[in-house]
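J.: Structure, please.
(one chain, ligands or ions: 1)
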Amino acid sequence: MTHAIRRLLAANLTTQILTALALGSALGLALNYWHIPFLQEHLVNGLFSMVGQMFLNALQMLVVPLVVFSLLCGVVGIGDLKVLGRVGGLTFVTYLATTALAVMTALVFANIFNPGMGFDSLHMASADVSVATQDTAWQILANIIPKNPVQALANGEMLQIIFYVIVVGIAVLMIGSRAKAFVEGCTFMNELAMKIVEIVMAFAPIGVFCLIAKTFALEGFGLFAPVIGYLATISLTLVFHLCVTLMVLLYVCTGLSPRAFLRKMRSAQVFAFSTSSSNATIPASMQCVTQRIGVDRSIASFGIPLGATINMDGTAIMHGVATVFLANAYGIDLGFGGYMTIISISVLASIGTAGVPGVGIVMLAMVLNQLGMPLDGIAIILAVDRIIDMMRTVVNITGDAVVTTIVAQRVGKLDRAVFNDPDAGILTPATLDIDHEAEAAFAELTHPKAEA
Ligand code: ASP
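T.: Here you go, the predicted structure:
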């Protein structure tokens, strides 16, 4: 036993996180099964909830500084406005195309398996749901320009931050050599932000364990029975999109091995699964894509945060399946026009909403509104949405990484030597070692010894 624990402590971070995921799920399900009020109150809603929230806060704490400094360095690093425009355009279009592909796949699978046929719709009519609707597509576009960049930074408004930082980067390029000290400062801040990512990641096994244990202790399996067909169709479509569509795309466009790619993305995927947030997973994705897969930082710093905001393949899949499920349950015929509406609204909605837990349900309300369908049915879906959110977030962030890698390959910014090295960028306990020589030098700097 102690031998196993010692081996686990010495293992790399991905192994530790995966072990935490398995142990946390098992404990959570056991707690849900036995449902002991004392443990529910003090362990699940107390300790696990607190530690999980601390971990989520720590991840979110990293996002804004990391995005700002790495994107700024990225823009300045690309250096050429034409290349910048090409990278931006290519990334944007590929994101929209993969999301459209995802929702189309979902519609095909939903029509094959027809979840919701014969579902007791009275069950749903009694449910009471109020879901706020979102801005229109025009408002979303207008809001990309922040009135107040400081406010955008403080609120973590990703599209506004990306816009502002790109403008600053372009201005820096125009100023030229006089901005050298500023660029050096930003490069250092970028390195610092990445180091802090490594520090927070070292606590990931504990954070993941508590988040997963809490989720399973609260959700259990009981909720799934009425919507098992819906759940199975979504899961199947998510797996298909992740393992077939995205991996074929990756292989055809880059020639990289899909297996190695998925192995190198594993730690970010576990983060996405346990946090249900593409935004909170930005630091982990960035680490995997740059240090494990070999995408140049200048491309990743743009593609990953942008993808976390505008690219949601997994969420689009949920929209497709959920709409067909509800239409079947209500006996509504969607028709060709209905399918087109689902595809276009789902793609547009994913542009304006940030990658945070549960946002997909709000976007689903938009799709249903547009189709003139009742919103009541969302209640039955909400019951199991947390688990689906975890799974779809994994697909969302993997889609971001695939597109970013494809773009990097297209513009010659993919380092295959890094990709081909199975150990590249692996985080181990030694990652957090302190450089003792530097420590002595700093001590000398901050507390100079009196001259003899
Ligand atoms: N949780 C998802 C994400 O962060 C969004 C959603 O579908 O709710 O990517």
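J.: From residue 226, how far out is the residue of the stretch 151-300 of the chain found nearest the ligand?
T.: Across the stretch 151-300 of the chain, no residue is closer to the ligand than residue 278, which sits at 3.4 Å (CB to the nearest ligand atom). All C-beta atoms are positioned from the backbone trio N, CA, C, and that covers glycine. Separation of residue 278 from residue 226 (CB to CB, to the nearest Å): 28 Å.
J.: Residue 358 now?
T.: For residue 358 relative to residue 226 (CB to CB), the value is 20 Å.
J.: out of these two, which sits in the more crowded spot?
T.: Neighbours were counted for residue 358 and for residue 226 using other CB atoms under 10 Å; residue 226 has more, 16 against 12.
J.: so how far is residue 50 from the more buried one?
T.: Taking CB to CB, one finds residue 226 at 32 Å from residue 50.
J.: again with residue 235
T.: From residue 235 to residue 50 the distance is 31 Å (CB to CB).
J.: Between those two, which has more neighbouring residues?
T.: Between residue 235 and residue 50, residue 235 has the larger neighbour count (other CB under 10 Å), namely 16 against 12.
J.: Break down the stretch 1-150 of the chain into its helices, ranges please.
T.: 2-10, 13-34, 37-39, 49-78, 81-113, 122-125, 137-142, 149-155 (DSSP state H, counting those that start in this stretch).
J.: possible to save the ones you listed as CSV with mean pLDDT and distance to residue 314?
T.: Supplementary listing: the helices of the stretch 1-150 of the chain in CSV, determined by pLDDT from 0 to 100; distance: least, CB to CB, whole Å:
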stretch, mean pLDDT, distance to residue 314
helix 2-10, 71, 30
helix 13-34, 89, 18
helix 37-39, 89, 32
helix 49-78, 88, 19
helix 81-113, 93, 7
helix 122-125, 47, 24
helix 137-142, 77, 20
helix 149-155, 94, 25
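J.: Now render those as CSV, adding distance to the ligand.
T.: Listed next are these as CSV, based on distance: least, CB to the nearest ligand atom, whole Å:
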stretch, distance to the ligand
helix 2-10, 29
helix 13-34, 17
helix 37-39, 28
helix 49-78, 12
helix 81-113, 12
helix 122-125, 21
helix 137-142, 16
helix 149-155, 17
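J.: What I need now is the ones you listed written out in CSV, including distance to residue 326 for each item.
T.: Listed next are those as CSV, based on distance: least, CB to CB, whole Å:
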stretch, distance to residue 326
helix 2-10, 44
helix 13-34, 27
helix 37-39, 36
helix 49-78, 31
helix 81-113, 11
helix 122-125, 8
helix 137-142, 23
helix 149-155, 33
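J.: Can you pull the poorly scored residue ranges out of the stretch 301-450 of the chain?
T.: Applying pLDDT under 70 to the stretch 301-450 of the chain flags residues 352-353, 429-432, 448-450.
J.: Show me what from the stretch 301-450 of the chain comes close to the ligand.
T.: By CB under 6 Å from any ligand atom, the residues of the stretch 301-450 of the chain that approach the ligand are 312, 315, 355-360, 389, 392-393, 396.
J.: So for residue 297, which of the helices of the stretch 1-150 of the chain sits nearest?
T.: Among those, the nearest to residue 297 by CB to CB is helix 49-78 (6.2 Å).
J.: I'd like the distance from the nearest residue to the residue of the stretch 151-300 of the chain closest to the ligand once chain neighbours are set aside to residue 46, if you could.
T.: Closest residue to residue 278 apart from its sequence neighbours, by CB to CB, 6 or more residues apart in numbering: residue 355 at 2.7 Å. From residue 355 over to residue 46 the distance is 28 Å, taken as CB to CB.
J.: More neighbours: those two, which one.
T.: Legend: neighbour count by other CB under 10 Å for residue 355 and residue 46, higher for residue 355 (29 against 13).
J.: In three-state terms, label residue 333 for me.
T.: coil (DSSP: H, G, I helix; E, B strand; the rest coil).
J.: For it, grab the count of nearby residues.
T.: Neighbour number of residue 333 under other CB under 10 Å is 7.
J.: before we move on, what about residue 239?
T.: 12.
J.: isn't the residue nearest to residue 278 right next to residue 393, touching?
T.: Yes. Using CB atoms under 8 Å, residue 355 is in contact with residue 393, at 7.3 Å.
J.: For stretch 267-287, the averaged confidence score.
T.: Averaged across stretch 267-287, the pLDDT comes to 93.
J.: Check which residues of it are buried.
T.: Within stretch 267-287, the residues that count as buried by 16 or more other CB atoms under 10 Å are 267-287.
J.: Let's verify the residue of the chain at minimum distance from the ligand: helix, strand, or coil?
T.: Closest to the ligand within the chain is residue 360: 2.7 Å, counting by CB to the nearest ligand atom. Classification of residue 360 using three-state DSSP returns helix.
J.: residues near it, how many?
T.: 28.
J.: ok, now residue 434?
T.: Neighbours of residue 434 using other CB under 10 Å come to 7.
J.: Now it. Its backbone dihedrals?
T.: phi -90, psi 140 (degrees, to the nearest 10).
J.: Could I get the CA-only coordinates of the helix or strand residue 207 falls within as CSV?
T.: If you go by DSSP states H and E, residue 207 is part of helix 204-219. Below are the C-alpha coordinates for helix 204-219, written out as CSV (Å, rounded to 0.1, in the frame of the first residue of the first chain):
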residue,chain,number,x,y,z
ALA,A,204,-4.5,19.4,-9.9
PRO,A,205,-4.8,15.8,-8.5
ILE,A,206,-6.2,17.2,-5.2
GLY,A,207,-8.5,19.7,-7.0
VAL,A,208,-9.7,17.1,-9.5
PHE,A,209,-10.4,14.5,-6.8
CYS,A,210,-12.6,16.9,-4.8
LEU,A,211,-14.5,18.3,-7.8
ILE,A,212,-15.2,14.8,-9.2
ALA,A,213,-16.1,13.3,-5.8
LYS,A,214,-18.5,16.2,-5.2
THR,A,215,-20.2,16.0,-8.6
PHE,A,216,-20.8,12.2,-8.4
ALA,A,217,-21.9,12.4,-4.8
LEU,A,218,-24.5,14.9,-5.7
GLU,A,219,-25.6,13.5,-9.1
